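>>> After the sequence you'll find the predicted model.
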Amino acid sequence: MSEEQIEELSERELEIIELVAEGMSNREIARELYISPNTVKVHLRNIYSKMQVSSRTEATMVALRMGWVQIEPEEATSDRADDTDHGNGGEQAAATEQVGDEIQPKAVPPLPRWKEAYLLLAVVLIGLGMWLTWPRTAERAQPFSDRSSSAVTWAPGQASRWQSLAQIPNPRSRLAVTAYDGQIYAIGGETAEGVSDAVAVYLTQSDEWVRGPDKPTAAANISAVAAGGMVYVPGGSGADGEMSDRLEVLDVAAGTWSERSPLPSKVCAYALAQVGGAIYLFGGWDGRVYLAQALRYDPADEAWQTLPDMPTPRAFSGAGVIGGRIYVVGGYDGVSELDTCEVYDPERAAWANCPPMNAPRGGVGAATIGDALYVIGGGWDSYLVENEYFTPDVVDPTQGTWETFPSPRLQEWRNLGVASSEMMLYAIGGWDGAYLSANQAYRAVYRLYLPSAMGQRGE
């Protein structure tokens, strides 16, 4: 990792990394700087992102190399007091130093020997490990294919409320994932062999995958939604890189695919949502530009309708529905990842801004459970060490708060598929330097059963 890849830290971030290097915990840092522990976490997340690291030790090592943190050698303490202190009961002159009319505070003592030894050892061990495993070049990820990208692969991290389930049979990224009737459908995507038409169905009750009917055309950079016993998959990019305007629909009960009214134009890497049986498509890439378009498809009359454009053109964003409104978050605009959050009200056919995410995210997976939108993964320019969820304000749905929750993978994880079923989120596939067969489940909500006075159970 070259110094050019590391972003400058703000003044507050420099204060925090100095305290991290001293071995302070988040609570100790919060007390030292008179801020909350949660604020410390947010700053650390930004520091990790700018430094492209995933731990306190790595951050300390990089800060040492950049000269942001100094380890001063411990000086020998003089046995002789200053002449002016001979009659003050033996107190050290080092307590204060008089310069003119001002009393200067005591100098900050150097780090203890054990901390010096710890940090120097960390420099050697972590530096060697990063030299062996870190990408040798700052190659920017390709927006529409993962095959030419390179990145480090780390072992999955341990995070509470996540569990590893049966892996998808064929590792892939840029796939479509949706849930219907207790089953998770993983459709198409990009694999080591190329763009795929394969459909894999995960049975949540038995924790196993079965083969579904192949999609009529192979496609990547796609999304899917389920409505009325049908799974809808519009557009996408093919093996030749060409965009598609096809709308292919899987009849779940019959196990057959059919083709419906095509899109108004070819598109891939869009966000997709379903409200009241209608399909909504936002943004994407048409082979030339990043789009702000918004479309609505009515399965009853098989017609596409053009809606007011999104405020921000983008692709690789995520979407989820809360209270009948569609929240479109994150994405990539060809230059940078976005932390953008915009909400569409189908009843008013109007857009509004909502609070941005804590971190920019492109290539995200998104799904809703209850009144919260969960956003998982993303990241072209940096590794993201946490995921996020948004809870709208009850009075004003355009406002609300973003909170973080752990990630089972403490490194790059993008172009995955995410779906929700009952109380669980399922994060499937993706890319972290290789095509992933991941199937990680997160319990977003716990249901409690309490005995009543009559001995009955209630939720």
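Noted; the coordinates are in hand.
>>> from what I can see residue 444 touches residue 371, true?
No: between residue 444 and residue 371 there is no contact under Cβ atoms under 8 Å: 11.1 Å. Using the backbone N, CA and C atoms, a C-beta is placed for each residue, glycine as well.
>>> If you count surrounding residues, which of those two has more?
Using other Cβ atoms under 10 Å, the more surrounded residue of residue 444 and residue 371 is residue 444, with 19 against 13.
>>> quick one: contacts for that one?
Residue 444 makes contact with 161, 369, 370, 372, 374, 389, 420, 423, 424, 425, according to Cβ atoms under 8 Å, 6 or more residues apart in numbering.
>>> Tell me which residues touch residue 200, please.
Neighbours of residue 200 in contact, by Cβ under 8 Å, 6+ apart: 168, 169, 170, 185, 186, 209, 210, 211, 212.
>>> In ChimeraX, select just the buried ones from these.
To isolate the buried subset of these in ChimeraX, counting by 16 or more other Cβ atoms under 10 Å, use the following:
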select :168,170,185,186,209,212
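>>> Return the member of the contacts of residue 200 nearest to residue 146.
Minimum distance to residue 146 across the contacts of residue 200 is 14.3 Å, recorded for residue 170 (Cβ to Cβ).
>>> And that closest one, how close does it get to residue 413?
18 Å (Cβ to Cβ, to the nearest Å).
>>> In the stretch 101-250 of the chain, mark out all the helices, start to finish.
Along the stretch 101-250 of the chain, counting by DSSP state H, counting those that start in this stretch, helices occupy 113-133.
>>> can you pull out the strands in it?
102-104, 162-164, 176-180, 183-187, 190-191, 194-195, 199-203, 208-211, 225-227, 230-234, 247-251 (DSSP state E, counting those that start in this stretch).
>>> tell me the secondary structure for residue 32?
helix (DSSP: H, G, I helix; E, B strand; the rest coil).
>>> That one contacts residue 18, doesn't it?
No: if you go by Cβ under 8 Å, residue 32 and residue 18 don't touch, sitting 10.1 Å apart.
>>> Tell me the one of the contacts of residue 200 nearest residue 25?
The nearest one, if we look at these relative to residue 25 and count by Cβ to Cβ, is residue 168, at 38.5 Å.
>>> Was I right to think the closest one contacts residue 437?
Yes: contact between residue 168 and residue 437 holds when scored by Cβ under 8 Å: they sit 5.1 Å apart.
>>> hey, what's in contact with both of those two?
With Cβ under 8 Å, 6+ apart, residue 168 and residue 437 have common neighbours residue 429.
>>> if we can go back for a sec, dump the strands of the stretch 101-250 of the chain to TSV, plus distance to residue 308 and mean pLDDT.
Listed next are those as TSV, based on distance: least, Cβ to Cβ, whole Å; pLDDT from 0 to 100:
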stretch	distance to residue 308	mean pLDDT
strand 102-104	63	39
strand 162-164	38	93
strand 176-180	25	98
strand 183-187	29	98
strand 190-191	32	96
strand 194-195	32	96
strand 199-203	34	98
strand 208-211	40	97
strand 225-227	21	97
strand 230-234	19	98
strand 247-251	22	98
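>>> Of all those strands, which one comes closest to residue 241?
strand 194-195 (9.1 Å).
>>> Adjacent strands (with direction) for that closest one?
strand 190-191 (antiparallel) (DSSP bridges).
>>> so what's residue 260 closest to, chain neighbours aside?
residue 247 (4.6 Å; Cβ to Cβ, 6 or more residues apart in numbering).
>>> The one you found: neighbour count?
21.
>>> got it, and residue 171?
When neighbours are counted by other Cβ under 10 Å, residue 171 comes out with 18.
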